[in-house]
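*Asks:* Turn this into a structure:
(chains A and B)
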Amino acid sequence: MNQVLSLIFAPEFGYSVLRVTTPILFATLGALIADKAGVTNIALEGIMLIAALSGVVFSAITGSAGVGLLAAVAAGGLVGLFLAYCALKLRTDIILSGIAINLMASGGTVFALFLIAGDKGISSSLASKVLPKLTIPGISSIPVLGTILSGHNVLTYLALAMVAVTFVFLYKTPIGLRIRAVGENPNAAASVGIGVTKIQYMALALSGMMAGLGGAYMSMGYVSWFSKNMTAGRGFIALAAEAMGGATPLGSLLTSLLFGFFDALSNTLQLMKIPSEFVNMLPYAATVVGLVVYTVQKTRRERVAREAAGPTGNAAASGNGATR
Amino acid sequence: MTKQQRLFEVVRTGLAILIALVIALVIILVVSDDPGDALYKFLLGPLGSFRHFGNVIELMIPLVFTGIAISIMFSAAQFNLGAEGGFFIGAIATAFVAIKFNLPPVIHPIVAILFGSLVGSLFCGIPAVLKVKWGASELVSSLMFNYIAFFFGLFLINYYLRDASAGAMVSFLFKPTALLPKLVPKTRISVGIFAAVALVAVAALFMQKTRWGFRIRLTGANAKFSQYSGIDTNAVVVYSQVIGGFIAGLGGSIELLGMYTRFSWQNLPGYGWDGVIVAILARNNPLFVPIAAFFLAYLRIGADIMSRYSDVPNEFVALIQGTIIILIAASSFLAKYRHKLVFKEATRAVSAGGDR
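*Replies:* Residues are numbered from 1 along each chain as shown, chains lettered A, B, ... in the order given. I've put the predicted structure just below:
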């Protein structure tokens, strides 16, 4: 136990929390933007995979990590648009569209990897590039804080910056206002002349681009290759993190950090004599527990609010069970 | 649904499959050096030998189980994707009984399969309870539980059931009394196929002829309406998923005892996701599930054979599957024709009514 604590309180652990939080945070912000526009992007998992592969392939072809990053983000945006096309134009249920995209991504990336790299498991035969790490002058020389905060991949800093950018975008710009209006009540938004479909297309494209950044980080920062199904459910964890974060940018950051903590913990515990299966289970179990704790509190808060509002509120709120 | 509308749905499904196959054709043409041979292997390979066709039937059986499990949950509009984990953890539970218990033949597999099914139903019931009690999305929690089931299952195999004398990470051999007898020689088709046939009949009767099935369909179609008509929708939400989990666990158990002599899965087998495709193809109707499962199994085995004898990797089948899901579930796909059809029928009904 002491050994675990000493590992957790080492500054290196803080560093690794930020490192593993990065992809989850990008995906969670992606989930947030879609959710604010009233659409569920369950395809985040597949989008991250496609973006991760695109980044590796394009950086290997051009020899430039920057081009790889752009390709990953573009791929993410395109798949987001494709999801929007399926859900809004073809009117396929958005959950089913997302499942279809995830299936296509997990098989399709292996298919493409085999054609390009001649291997079904890993892209090590491609000379792909990695995005640079940044050492922040000033902060890096502070004892503990410097170890935690400095020397991260450039995308880790971008992810943290994106929390603020997303906040400003959603709450301080006219487009953000429209996105939230559409998510809040599409009919009301349409009645004041907002193009609901157009806004949702845009939100899903942005959501895809955000997940694309997460995918780029996976294959060009977290590790330096693409491997089969390397996202390992992070896109799904992001959905839980977004819900638990109360659909706000800051909440998303905090819950992403929480899952990042358990992810890092599972990496650290690998070194100890705990069955690795349990350790691997940790981030997912933490997600479920977190989701339950959050929803329990939410229902309790709502009940208190209802009782405060008097008996009339009861009938309206009791029908929640079967509706989504 | 009138006869014409049903015909329309058949045409629509056929067209979606055709479009997906055209995409497959294009991919093969682009990728392969010998596209003619690859295409031949893909489309006709499963018919090429008795063994290959046997493979199609072997693969079809688990797809029938997960397809029906998902159909029932989707009928109640519950996007519980725990069939994947339920299938896996059900198989683990069955392996436990098949290895650790000493029971007479016939009874042994029945006990093992029942135990596996119960574990599966518990597993899919958890997201359902979390949803009705606190409103946690069953979609998100069931996805997380799939990973938990996977790692927990591997833990049980590794620490309690692992055969150290075998080279790979596999369990001990099942007791011979637990194995399901083979039905067709030279294939791995077991008597489990009878269970699949029986399940199709029972599930169809359950969904169409019982009040529980009716409540599931009504809740799925319009939860608020069901609630106001006095149906306890929370109960429906829970039992639809418990039943779905039971069937998924049943499928995993029968798959394991029918096809294998020890537990050797190192990954989630993916049949839960395949069940989504089957359920969508079958329009959540248990009677159509075997057809959809056969189609998907044929596609898979065809792709496997093709990848073995040509230069096209079998993963391309995922692209076909995704296309089929999107097109068939797309309510706008051919919607114009549906509108015309409905309009024509309505005008005919009105004019017929006017004559009387």
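
*Asks:* which residue does chain A bring closest to chain B?
*Replies:* Chain B sits closest to residue A:107 of chain A, with a gap of 2.2 Å, by CB to the nearest CB. Just so you know, the C-beta spots here come from the backbone N, C-alpha and C atoms, and that holds for glycine as well.

*Asks:* so that residue touches residue B:323, yeah?
*Replies:* No: the pair residue A:107 / residue B:323 is not scored as a contact, 11.8 Å apart, by CB atoms under 8 Å.

*Asks:* pretty sure residue B:265 belongs to a helix, no?
*Replies:* No: if the criterion is DSSP: H, G, I helix; E, B strand; the rest coil, then residue B:265 is coil and not within a helix.

*Asks:* which residues touch it?
*Replies:* In this structure, residue B:265 makes contact with B:88, B:91, judged by CB atoms under 8 Å, 6 or more residues apart in numbering or on different chains.

*Asks:* re the thing from before, and residue A:107 and residue B:323? which has more neighbours close in?
*Replies:* More crowded of residue A:107 and residue B:323, by other CB atoms under 10 Å in any protein chain shown: residue A:107, with 25 against 20.

*Asks:* For the nearest residue in space to the more buried one that is not next to it in sequence, pull up the helix or strand it's in.
*Replies:* Excluding the flanking residues, the one nearest residue A:107 by CB to CB, 6 or more residues apart in numbering or on different chains is residue B:318, at 2.2 Å. Element membership for residue B:318, per DSSP states H and E: helix B:317-329.

*Asks:* could you dump that helix to CSV, C-alpha only?
*Replies:* Extracted C-alpha coordinates of helix B:317-329, given in CSV (Å, rounded to 0.1, in the frame of the first residue of the first chain):
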residue,chain,number,x,y,z
VAL,B,317,-16.4,-7.0,-44.8
ALA,B,318,-16.7,-4.5,-42.0
LEU,B,319,-17.3,-1.8,-44.6
ILE,B,320,-20.1,-3.8,-46.2
GLN,B,321,-21.7,-4.3,-42.8
GLY,B,322,-21.6,-0.6,-41.9
THR,B,323,-23.1,0.3,-45.2
ILE,B,324,-25.9,-2.2,-44.7
ILE,B,325,-26.7,-0.9,-41.2
ILE,B,326,-26.9,2.7,-42.3
LEU,B,327,-29.0,2.1,-45.4
ILE,B,328,-31.5,-0.2,-43.9
ALA,B,329,-32.0,1.9,-40.8
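
*Asks:* Compute the mean per-residue pLDDT across it, please.
*Replies:* For helix B:317-329, mean pLDDT rounds to 88.

*Asks:* circling back: how many other residues sit next to the residue nearest to residue A:107?
*Replies:* Neighbourhood size, residue B:318 [other CB under 10 Å]: 22.

*Asks:* Just the helices from chain B, written as ranges.
*Replies:* If DSSP state H is used as the criterion, the helices of chain B fall at B:3-31, B:35-44, B:50-75, B:83-100, B:107-134, B:138-156, B:192-209, B:211-221, B:223-228, B:233-259, B:271-281, B:289-309, B:317-329, B:335-355.

*Asks:* can you tell me which of the ones you listed the model trusts least?
*Replies:* Out of the helices of chain B, helix B:335-355 stands lowest, with a mean of 71 (criterion: mean pLDDT).

*Asks:* Direction-wise, compare that one with helix B:3-31 and give the angle.
*Replies:* Angle between the axes of helix B:335-355 and helix B:3-31 is 170 degrees (criterion: axes from the mean of the first three to the mean of the last three CA atoms, to 10 degrees).

*Asks:* sorry, back to before: quick check: which of the helices of chain B is nearest to residue B:172?
*Replies:* helix B:83-100 (5.0 Å; CB to CB).

*Asks:* List the buried residues in the closest one.
*Replies:* B:83-99 (16 or more other CB atoms under 10 Å in any protein chain shown).

*Asks:* just how off-centre is that helix within its chain?
*Replies:* Relative to its chain's centre, helix B:83-100 lies at 17 Å (CA atoms, centre = their mean, to the nearest Å).
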